[in-house]
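[1] generate a structure from the sequence data that follows.
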Amino acid sequence: MTILITGAAGQVGSELVERAGHRPVAAFTRAELNISDGAAVQAAVASIRPKLIINAAAYTAVDKAEAEREAAFAINCDGPRVLARAAAVAAIPVFHISTDYVFDGSRNTPYPEDAPAAPLGVYGQSKWAGEEAIRLELKQHLILRVAWVFGAHGNNFVKTMLKLGASRPELRVVDDQRGGPTHAGAIADTLLGLADRVLAGEALAWGTYHYTGEPVVSWHGFAQKIFDEASLLGLIENKPLVHAITTAEYPTPAKRPANSALDGSLAKAQLGIGRRQWLSGLRETLQSLKQSA
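    Numbers count the residues shown, from 1 in each chain. Below you'll find the predicted structure:
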């Protein structure tokens, strides 16, 4: 009953491997398995004979993607298509992680799953194309859209803030973009729990779902809480002064959605998965970073 995990060195992939516990998994980093290589993926599936694939591999450099469109689409679109085709041949399901960036953020309320996709940049476009490729190739799929992922592994906003805050007395952070920060560990726990149910023979309601942390917050508000909690743990000596700025005051190569809030009610109703408070995930992440320092 092996679970094949791709992107095992990334934020969520690392957590999947660490939290797998007794579950038999075959985990591959990007260097070990290029998911856009059809022959390599088919060989891996034929050799391992997994009962389920969890795709945690992704190109996530949002700004770099504007200049590296081909690389972004190779990993975020071609890769999911290859995995879905291999899964279809093996008659097994695929779990795939997508993003809030498939939306343009112009909506004033949280986005439901069926809201029209309108990605603002190459990263979001490549992730949307990957979703569509999976839907086309494989009926047995579960696409989990997440947002503002953070954790103890990989690069993310929490680690960036801690690094900048250690050397700067003042920081400027965008306050007009809002979303639900999502702990990588919570995503991993959710996917593994769903995998257990599939492998036990439960018929899940396949499709696309939203899963993010609660409550919705701005990047500025999130940064302030990061420093509050890091200070309590002794991870930083002095909290920097965090100034709220607008997106216009912090131009980036890629445009980002102003509203990244995702409606998670469908996942609760159809799958029975509830969202977690991101504060608990933040505290877990900071504790892990403190122990590894």
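[2] buried stuff in stretch 244-262?
    244-245, 254-262 (16 or more other CB atoms under 10 Å). In this view, the C-beta of every residue, glycine as well, is placed from N, C-alpha and C.
[3] quick one: mean pLDDT for it?
    When pLDDT is averaged along stretch 244-262, the result is 96.
[4] again, but for stretch 6-14
    The average pLDDT within stretch 6-14 is 96.
[5] how about stretch 210-222?
    97.
[6] distance from the chain centre to it, please.
    14 Å (CA atoms, centre = their mean, to the nearest Å).
[7] hey, C-alpha coordinates of it in CSV?
    Taking C-alpha atoms only, stretch 210-222 is exported to CSV below (Å, rounded to 0.1, in the frame of the first residue of the first chain):
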residue,chain,number,x,y,z
HIS,A,210,-9.6,24.8,-0.7
TYR,A,211,-7.6,24.4,2.4
THR,A,212,-6.0,27.3,4.2
GLY,A,213,-5.2,28.5,7.7
GLU,A,214,-7.5,30.7,9.7
PRO,A,215,-8.1,33.6,10.2
VAL,A,216,-7.5,35.8,7.2
VAL,A,217,-4.7,38.3,7.8
SER,A,218,-2.5,40.8,5.9
TRP,A,219,1.2,40.2,5.3
HIS,A,220,1.8,43.0,7.7
GLY,A,221,-0.4,41.5,10.4
PHE,A,222,1.3,38.1,9.9
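[8] ok so, going back, of the buried residues of stretch 244-262, which belong to helices?
    The helices, defined by DSSP state H, take in nothing from those.
[9] and of the residues you listed, the nearest to Val216?
    Ala261 (4.7 Å; CB to CB).
[10] touching, that closest one and Thr182? I think so.
    No. If you go by CB atoms under 8 Å, Ala261 and Thr182 don't touch, sitting 11.7 Å apart.
[11] spell out which residues are contacts of both of those two.
    The overlap between the contact sets of Ala261 and Thr182 (CB atoms under 8 Å, 6 or more residues apart in numbering) consists of Thr212.
[12] of all the buried residues of stretch 244-262, which two lie farthest apart?
    Ile245 and Leu262 (24.3 Å).
[13] show me the helices in the stretch 101-250 of the chain, by range?
    Assigned helices in the stretch 101-250 of the chain, in chain order: 122-137, 157-165, 184-199, 219-233 (criterion: DSSP state H, counting those that start in this stretch).
[14] pull the contacting residues for the closest residue to Arg197 other than its chain neighbours.
    Closest residue to Arg197 in three dimensions, ignoring its sequence neighbours and counting by CB to CB, 6 or more residues apart in numbering: Leu204, at 6.5 Å. Listed by CB under 8 Å, 6+ apart, the contact partners of Leu204 are 93, 142, 194, 197-198, 271.
[15] make it 7 Å
    142, 194, 197-198, 271 (CB atoms under 7 Å, 6 or more residues apart in numbering).
[16] equivalent analysis for Arg69, please.
    Contacts of Arg69 (CB under 7 Å, 6+ apart): Val122.
[17] ok, it to Pro253 distance?
    Distance, Arg69 to Pro253, by CB to CB, to the nearest Å: 12 Å.
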